[in-house]
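[1] structure here, sequence nowhere to be found:
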């Protein structure tokens, strides 16, 4: 038994009996969305997963313990901002646990915890990637490295469009990470359904995606897989329109000398202002959609 890992009884029982389970991250609760949208969305994503016949497993570190499956009180703590909550990727996990701190897990952090618990499927919004100024800053998300070494299927709407999408796809290829479009041959760009970058793997049904994941596991491949699920058509912001907002936000970020882990929160917040809230509604829509898709694939896999 891992002394730092607590798996909720419902989830432990589901895993023991071969029932479908879907992991959810917590950074979107504490650092990604404003109050009270963050708490509402977290509870709604769990309910969506349940409605599709799977068990939700939201992941966070509470008081130095990695919890796979949260109570509403834990979600409220993360969402309310009344206590400090660290943003936790692989590099931070041991420190946050040893110090007895609270932590919200990123895509990478959630993948690690899901794999520890024996969960194969994870729904998020968008993964990290290669930043547009990576040639100078070397800013490449730890999410990509985690996908290269942790066998979890991540359902996301591609990568955040504030990133260099082409460079991110090249990096994913170099790391040997399968990227499969869900009902699309074009890599989604978070807010937009199409980025203009072609995909070479595709699944059109939960059963097809589950079959590919089963083969991946049977081959003993010890890396993850990205299932790229476009935002619903009614919620998207077209790529060219979105790009104009992103370029303006990037110019302001450089002018204010914002660096490191502060870049993404600044850009997403500024884009929300520039789009007059449309980007937030798109973000909420794609998160719900990814939870639903992940649950359907998990159910198909269990069947």
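    Received it, and whenever you're ready, just let me know what you need. All figures in this text were calculated on a predicted structure; none of them were measured in a lab.

[2] please, which helix or strand holds residue 122?
    Assigned by DSSP states H and E, residue 122 falls within strand 121-123.

[3] immediately after that strand, which helix or strand?
    With elements assigned by DSSP H and E, the helix or strand that comes after strand 121-123 is helix 134-137.

[4] hmm, who's touching that following helix?
    Here helix 134-137 makes contact (Cβ atoms under 8 Å, 6 or more residues apart in numbering) with 131, 140, 164, 167, 259. Heads up, the C-betas are built off the backbone N, CA and C, glycines and all.

[5] that one: which residues count as buried?
    For helix 134-137, the neighbour count (16 or more other Cβ atoms under 10 Å) marks residue 134 as buried.

[6] next one: that helix to chain centre, how far?
    Its chain's C-alpha centre and that of helix 134-137 lie 24 Å apart, by Cα atoms, centre = their mean, to the nearest Å.

[7] who's in contact with residue 110?
    Residue 110 neighbours (Cβ under 8 Å, 6+ apart): 23-26, 59, 122, 124.

[8] run the last query once more with 10 Å
    Contacts for residue 110 (Cβ atoms under 10 Å, 6 or more residues apart in numbering) come out as 23-27, 57-60, 66, 68, 88-89, 104, 119, 122-124, 143, 146, 150, 152, 154.

[9] restricted to helices, list these.
    Residues of those located in helices (DSSP state H): 27, 143, 146.

[10] which other helices and strands contact the strand holding residue 122?
    Applying 3 or more Cβ pairs under 10 Å, 6 or more residues apart in numbering; DSSP states H and E, one finds that strand 121-123 makes contact with strand 21-24, helix 37-51, strand 55-62, helix 107-117, strand 153-156, helix 206-218, strand 225-228, helix 278-302.

[11] now the ones you listed in TSV, with distance to residue 77?
    As requested, those are exported to TSV (distance: least, Cβ to Cβ, whole Å):
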stretch	distance to residue 77
strand 21-24	16
helix 37-51	10
strand 55-62	7
helix 107-117	17
strand 153-156	25
helix 206-218	33
strand 225-228	30
helix 278-302	20
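
[12] picking that back up, taking the ones in helices among the contacts of residue 110, please make a PyMOL selection of just the buried ones.
    Only the buried entries of these go into this PyMOL selection, using 16+ other Cβ under 10 Å:
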select buried, resi 27+143+146
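
[13] and the ones in helices among the contacts of residue 110, which is closest to residue 93?
    Nearest to residue 93, judged by Cβ to Cβ, of the ones in helices among the contacts of residue 110 is residue 146 at 11.4 Å.

[14] is it true that the closest one touches residue 124?
    No. Using Cβ atoms under 10 Å, residue 146 makes no contact with residue 124, being 11.8 Å away.

[15] between the two, which contacts overlap?
    Common contacts of residue 146 and residue 124 (Cβ under 10 Å, 6+ apart): 106-107, 110-111, 154.
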